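Student: Structure of the sequence below:
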Amino acid sequence: MMNERRPSLFALFLLSLLAGCAVHALSPGALSLDEKIGQLFVYAARGTFLNEASAEYRELLRQVRDNHVGGILWFQSEKVYETAWLNRRLQRAARTPLLIAADLEAGLGMRFEDTTDWPWPMAIAATGDPSFAEREGAAVAEEARALGLNQVYAPVADVNLDPDNPSISVRSFGDDPRQVSRFVAAFVRGVQSAGVIATVKHFPGHGDTRTDSHRSLPVLAATAERLEAVELVPFRAAIIAGVRAVMTAHLAIPALDPSPAPVRNEGHRDNPYTQDAADVTRDATVPASLSAAVTQGLLRQRLGFGGLVVTDAADMGALVDHYDSGETAVRAILAGADQIPKPPDIDAAIAGVRSAVASARIPIERLDASVERILEAKRWAGAPVPDEERIFRVVDAPEHRALAAEIAQRSVTLLREEPGVLPLAKATRVLSVAVTDAPERIGADFAKELERRLAAPPRKLALDSRSVEKDVAAVVDTARDSDVVLLLLFLRPQSGRGAIALPPAAVEAAGRLAASGARVVAIGFGSPYVLRELSPLPTALAAYGSQTVVQVAAARALFGEAPIAGRLPVTIPGVAVRGAGIERPGRP
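Tutor: Numbers count the residues shown, from 1 in each chain. Just a heads-up that it's a prediction; the model follows:
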């Protein structure tokens, strides 16, 4: 294949127009059976430079040309231009234009390097201003569309009721259904104002669980009445706001569907997040994502949703422990799903659906209904063709960075304060202790901010899952020659980890520091709930994430350079209630 010349702007416009015409001209009847089946699948990949002869690129082309997949999902990707050019090539290779998506709950920076890394949704909620959600949604969608994306897997509509929830936490707008609803609806409006499909998730609500569905199947033991009063409230708001796609969750809800879920004896060995048979949920009911009672009965009939239904990723432990790839796909379609992202074995999944159609287990009418909804979504969103000049102007634009920084600054929340500790002064002798729940180092941005402001460089230590007694002793000893100890708690949800918790060494160190009378400031750069493990500490702030803009905002707040005005969007048991927040003016 010859190297391509860069197309002119007119050529790009023409490609976009032709792609739009192609999808407008299609109907389910114009597609072969294999093309119809392929439309329901979304192939997951990572955007990076790929030579056209590479195995990875050839596999992408095979999925588009031979399996006729209806969508592409980009996971962690290296560079913007490489992904954009892959999008352009894949759209050109597809007979039916693709829905190209990414998880962008925290903006493009969540998946693409060197782009605006927005604060987590809980930080947006801490500002108290839903207009920030709408403005962020519009900005993120504008950047996404410039890259050739036309679907965003966001916002999260889960009401995070369980402080020990390992997979939602700061990805949620909070624990109050009405507040979550306002921010969810605003984000949906912002995304779709830019012509990108918003996908609200994880229906009917993943916020009151403490099992990570990447690892195994959670069970939500809520009554239908409680679901109506709490979990469903934000999804209703999203539907009223016109959301075009809803993602269903892999969690069992016995009150909605008591059908038992089988257990595959070999399933845990196929689980990419854990191979521990002890993690398998036994005696559970069928996952919501595979339940007709949930998708057809609740979402479509009771809530009146007529748009795309997308399952959560089909390779997660909550499914693979119980069903193989083919059976998962068949059950999802029978339940009412339209898109199935990331099957563990996409060829087996497609073959399973083809067999189910041939045997009439899946009626052709059921298949056609999903294909029509997918084509309608493609008609609405079109097939944006990336333009390198537009990418250069739009992605990571200064106004987007400024908005992200404003959200981060407005979100910083002061929960407790020991008199005289804040603001820090230039002459303050600081010990900075970075704490993570994994053997990783983080916090370089915050360290640079401290060094810029202090007369003497801060002393820096770290505690993580590998730390032992001598590491704790080093923290306590160094604190004796410090005016203030900053405990920087970098803990957030990570797929498959299964928990968000402070390492034991950090809890031990905090206790000894409190007993010694040291002045300690704890900052939650991630889940604010971990602050309950440090309840003796008299000064605590929540910053809700570790993004660069958040670390800069926290430093400015500590030194009094900006007001502190955030309000806690959740209740932290034993620490603070929802709405708590001590306001402090910044220096004139």
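Student: got the buried residues for stretch 580-588?
Tutor: Within stretch 580-588, the residues that count as buried by 16 or more other C-beta atoms under 10 Å are 580-581, 584. From N, CA and C alone the C-beta is placed, and that goes for glycine too.
Student: Over to stretch 269-287?
Tutor: Buried, per 16+ other C-beta under 10 Å, within stretch 269-287: 270-271, 273-274, 279-281, 284-287.
Student: In a markdown table, list the buried residues of stretch 580-588 along with secondary structure.
Tutor: As requested, these are exported to a markdown table (DSSP: H, G, I helix; E, B strand; the rest coil):
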| residue | secondary structure |
| --- | --- |
| Ala580 | coil |
| Gly581 | coil |
| Arg584 | strand |
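Student: I'd like to know which of those is nearest to Ala224.
Tutor: Ala580 (32.1 Å; C-beta to C-beta).
Student: Just give the nearest non-adjacent residue to Lys36, would you?
Tutor: Val371 (5.0 Å; C-beta to C-beta, 6 or more residues apart in numbering).
Student: Double-check that the one you found belongs to a helix.
Tutor: Yes: membership of Val371 in a helix is supported by three-state DSSP.
Student: quick one: the helices in the stretch 1-150 of the chain?
Tutor: Using DSSP state H, counting those that start in this stretch, the helices of the stretch 1-150 of the chain run over residues 9-25, 33-39, 55-65, 80-93, 121-126, 130-147.
Student: coming back round to it: the buried residues of stretch 269-287 into a markdown table, with extra columns for secondary structure?
Tutor: Formatted as a markdown table, these follow (three-state DSSP):
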| residue | secondary structure |
| --- | --- |
| Asp270 | helix |
| Asn271 | coil |
| Tyr273 | coil |
| Thr274 | coil |
| Asp279 | helix |
| Val280 | coil |
| Thr281 | coil |
| Ala284 | coil |
| Thr285 | strand |
| Val286 | coil |
| Pro287 | strand |
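Student: Pick the one among these closest to Pro121.
Tutor: Tyr273 (23.0 Å).
Student: what's around the residue nearest to that closest one when sequence neighbours are not counted, how many residues?
Tutor: Once flanking residues are discounted, Tyr273 sits nearest to Gly496: 3.4 Å by C-beta to C-beta, 6+ apart. Counted with other C-beta atoms under 10 Å, the neighbours of Gly496 add up to 16.
Student: same thing with Arg416?
Tutor: 17.
Student: Let me know the pLDDT of it.
Tutor: Arg416 carries a pLDDT value of 95.
Student: and Gly579, what does it touch?
Tutor: Contact partners of Gly579, counting by C-beta atoms under 8 Å, 6 or more residues apart in numbering, are 567-568.
Student: Mind giving me the packing neighbours of the strand or helix carrying Asp445?
Tutor: Per DSSP states H and E, Asp445 falls inside helix 444-453. If you count contacts as 3 or more C-beta pairs under 8 Å, 6 or more residues apart in numbering; DSSP states H and E, helix 444-453 packs onto strand 430-436, helix 548-558.
Student: what about Arg578, distance to Asn160?
Tutor: Distance of Arg578 to Asn160, given as C-beta to C-beta, to the nearest Å: 11 Å.
Student: next one: Ser172
Tutor: On the measure of C-beta to C-beta, Ser172 and Asn160 end up 4 Å apart.
Student: Just put the buried residues of stretch 580-588 in JSON lines and tack on pLDDT and distance to Ile572.
Tutor: Converted to JSON lines, the buried residues of stretch 580-588 look like this (pLDDT from 0 to 100; distance: C-beta to C-beta, whole Å):
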{"residue": "Ala580", "pLDDT": "97", "distance to Ile572": "8"}
{"residue": "Gly581", "pLDDT": "98", "distance to Ile572": "12"}
{"residue": "Arg584", "pLDDT": "95", "distance to Ile572": "19"}
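Student: if I read this right, Gly267 contacts Val280, doesn't it?
Tutor: Yes: taking C-beta atoms under 8 Å as the definition, Gly267 is a contact partner of Val280 at 6.8 Å.
Student: Name the residues of stretch 459-468 that are buried.
Tutor: Here stretch 459-468 shows 459-464, 467 as buried, counting by 16+ other C-beta under 10 Å.
Student: just to revisit the earlier point, any idea which of the helices of the stretch 1-150 of the chain has the lowest pLDDT on average?
Tutor: helix 9-25 - the lowest mean pLDDT of the helices of the stretch 1-150 of the chain, at a mean of 52.
Student: Now for the closest residue to Phe49 other than its chain neighbours: which residues touch it?
Tutor: Leaving aside its chain neighbours, Phe49 sits nearest to Glu82 (4.7 Å; criterion: C-beta to C-beta, 6+ apart). Glu82 sits next to 47-50 when contact means C-beta under 8 Å, 6+ apart.
Student: Pick out whichever of the residues you listed sits closest to Arg111.
Tutor: Gly47 (8.1 Å).
Student: so what's that closest one scoring on pLDDT?
Tutor: 92.
Student: Low-confidence regions, the protein specifically.
Tutor: Applying pLDDT under 70 to the chain flags the ranges 1-25, 441.
Student: Geometric centre of it: which residue is closest?
Tutor: Glu105 (4.5 Å; C-alpha atoms, centre = their mean).
Student: My read is that that one contacts Ser172, right?
Tutor: No: between Glu105 and Ser172 there is no contact under C-beta under 8 Å: 9.7 Å.
Student: Overlap of the contact sets of the two?
Tutor: 121, 156.
Student: wait, what's in contact with Tyr323?
Tutor: Taking C-beta under 8 Å, 6+ apart, one finds 262, 264, 267, 290, 331 in contact with Tyr323.
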